[in-house]
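Asks: mind folding the following:
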Amino acid sequence: RGMLATILWRQAGAPETRGTTPFQDVAPGAYYAEAVAWGVERGILQGYDNGCFGPDDPITREQLAALLYRFARVQGLDAAAVGDLSVFADQPSEWAAEAVRWAVGAKILSGRDGGVLDPRGRASRAETAAMLTRFLQK
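Replies: Numbering: from 1, shown residues only. Down below sits the predicted model:
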């Protein structure tokens, strides 16, 4: 999660921030600290209910879709696509549904074998790279 925050921050041109975050697990000198601060300031990044960000946690497919969706909106990019999630046997969490519909509609996120989307599943490195590539190419 910390690395993805850093990637998006750099994609935005590494803008200056106030440099602080509300997360107890984001150390001030960490490589991702300024990126997380930027993401929080702009409403792109959110943490967990326990007050942590989880910078070293693996990212789920729906979390990645939400980050990309919020980033697109903040950057003034087209975030109007809407995909049909009824074709999948499983559904995203309520908080991520709008972002996942967008990611499916924009062809950034696709299903896995067996007709499942697996939104709460861990995004592999390959899936993360593919989603980022599709996003950046649009």
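Asks: how far does the one helix or strand Trp9 maps to sit from its chain's centre?
Replies: Assigned by DSSP states H and E, Trp9 falls within helix 2-11. For helix 2-11, the distance from its own C-alpha centre to the chain's C-alpha centre is 10 Å (Cα atoms, centre = their mean, to the nearest Å).
Asks: ok, residues contacting it?
Replies: Residues external to helix 2-11 that are found in contact with it (Cβ atoms under 8 Å, 6 or more residues apart in numbering): 15, 26, 30-32, 34-36, 38-39, 44-45, 53, 55-56, 59, 64, 67, 71, 128, 132, 136. All C-beta spots, glycine's among them, are computed from the backbone N, C-alpha and C.
Asks: for PyMOL, write the selection for the buried entries among the residues you listed.
Replies: Selection of buried members from the contacts of helix 2-11 for PyMOL, criterion 16 or more other Cβ atoms under 10 Å:
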select buried, resi 26+30+32+34+35+36+38+39+44+45+53+55+59+64+67+71+128+132
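Asks: filter the contacts of helix 2-11 down to the ones in helices?
Replies: Members of the contacts of helix 2-11 lying in helices (criterion: DSSP state H): 34-36, 38-39, 64, 67, 71, 128, 132, 136.
Asks: and the helix holding Trp9, what's buried?
Replies: Applying 16+ other Cβ under 10 Å to helix 2-11 flags 2, 4-9 as buried.
Asks: follow-up on the earlier one: closest to Leu85 among the ones in helices among the contacts of helix 2-11?
Replies: Leu64 (16.0 Å; Cβ to Cβ).
Asks: what residue, apart from its backbone neighbours, is nearest the closest one spatially?
Replies: Ala123 (5.1 Å; Cβ to Cβ, 6 or more residues apart in numbering).
Asks: so who does that neighbour touch?
Replies: Ala123 neighbours (Cβ under 8 Å, 6+ apart): 58-61, 63-64, 131.
Asks: dump those residues into JSON lines; add pLDDT as well.
Replies: Converted to JSON lines, those look like this (pLDDT from 0 to 100):
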{"residue": "Pro58", "pLDDT": "95"}
{"residue": "Ile59", "pLDDT": "96"}
{"residue": "Thr60", "pLDDT": "97"}
{"residue": "Arg61", "pLDDT": "97"}
{"residue": "Gln63", "pLDDT": "97"}
{"residue": "Leu64", "pLDDT": "97"}
{"residue": "Met131", "pLDDT": "97"}
